[in-house]
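Trainee: Turn this into a model:
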Amino acid sequence: MEQPSRLAGSVRPGGRTARVRAAVLAATQDELVERGFHGLAMDQVATRAGVGKTTVYRRWGSPAGLVVDLMKELAEQFLAHADTGAVEGDLLASALSMVEALGDKRLGPTLEAMIAAATCDDQAALALRAFYARRIEVWAKAVGLAVERGELPMGTDGPEVVRAVSAPLYYRQVVIREPVTREDAERSVARTLAAARAGEFVVAGAGV
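Mentor: Got it, this is the predicted structure:
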């Protein structure tokens, strides 16, 4: 995952509308980092972004609307999957990118705030799902390459492999609040690959 220094997504071509959106989303991320989702206030975002409050209310409607748009923007900020030539290296690169994201002083709290928003707002939950679906889609391609190289059985479900690598890392960082390390990433990859090589992720009938 790409680790920008400010908002994941800077000003893009498109005139004033694009500049306003970039400023508001950057301010939203700042507020999420400092106050969390439940402390996110439309007026404060507008002030921080240097735009009119009416503009923010009209376009985003609510704090959840701001978070939904921020998640959509973040979902676009992905590097191509790694291609190290071996599935272990590719999945480790994926896992380490997650470790880096969760430990980042801006992106980590932003992701946690997104998860908090998703627990109480259906739109935010859908946007969070789309955010992770994009990441999984990108990294599942590495599993497809591994199948083509004969490293994993035919019919291996790429998205499920990526989820299996990711889940223990999220649980440790977000649920039980323990920092994740490279060693955690390596363990998760090793265990997932052992299961994948044994055919545990083959979709019924797909490997025939």
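
Trainee: Residue 195 is in contact with residue 202, isn't it?
Mentor: No - the pair residue 195 / residue 202 is not scored as a contact, 10.5 Å apart, by C-beta atoms under 8 Å. Where you see a C-beta, it was placed from the backbone N, CA and C, and this is true even at glycine.

Trainee: higher neighbour count, those two?
Mentor: residue 202 (19 against 13; other C-beta atoms under 10 Å).

Trainee: got a pLDDT number for that one?
Mentor: pLDDT, the model's per-residue confidence, is 97 for residue 202.

Trainee: same deal with residue 13?
Mentor: Reported pLDDT for residue 13: 46.

Trainee: All the helices of this structure, in order from the start?
Mentor: Taking DSSP state H as the criterion, the chain contains helices spanning 15-35, 42-49, 53-60, 63-75, 87-103, 107-118, 122-148, 158-170, 182-197.

Trainee: Most tightly packed of the ones you listed?
Mentor: helix 63-75 (a mean of 22; mean count of other C-beta atoms under 10 Å).

Trainee: Any idea how far that helix is from the middle of the chain?
Mentor: Here helix 63-75 shows a centroid-to-chain-centroid distance of 12 Å under the convention C-alpha atoms, centre = their mean, to the nearest Å.

Trainee: now the angle from that helix to helix 42-49?
Mentor: 40 degrees (axes from the mean of the first three to the mean of the last three C-alpha atoms, to 10 degrees).

Trainee: elements contacting helix 63-75?
Mentor: Applying 3 or more C-beta pairs under 8 Å, 6 or more residues apart in numbering; DSSP states H and E, we find helix 63-75 packed against helix 15-35, helix 42-49, helix 53-60, helix 107-118, helix 122-148.

Trainee: contacting residues around the fourth one?
Mentor: Counting by C-beta atoms under 8 Å, 6 or more residues apart in numbering, the neighbours of helix 107-118 from elsewhere in the structure are 1, 3-4, 8, 29, 32-33, 36-38, 40, 63-64, 67, 70-71, 74, 101-102, 124-125, 127-128, 131, 173-174.

Trainee: could I have that helix exported to CSV, CA atoms only?
Mentor: Extracted in CSV, the C-alpha atoms of helix 107-118 (Å, rounded to 0.1, in the frame of the first residue of the first chain):
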residue,chain,number,x,y,z
LEU,A,107,-2.6,6.1,7.9
GLY,A,108,-2.9,3.7,10.9
PRO,A,109,-5.2,6.0,12.8
THR,A,110,-7.1,6.8,9.6
LEU,A,111,-7.8,3.1,9.0
GLU,A,112,-8.9,2.6,12.6
ALA,A,113,-11.2,5.6,12.3
MET,A,114,-12.7,4.1,9.1
ILE,A,115,-13.4,0.8,10.9
ALA,A,116,-15.1,2.7,13.8
ALA,A,117,-17.2,4.5,11.2
ALA,A,118,-18.2,1.3,9.6
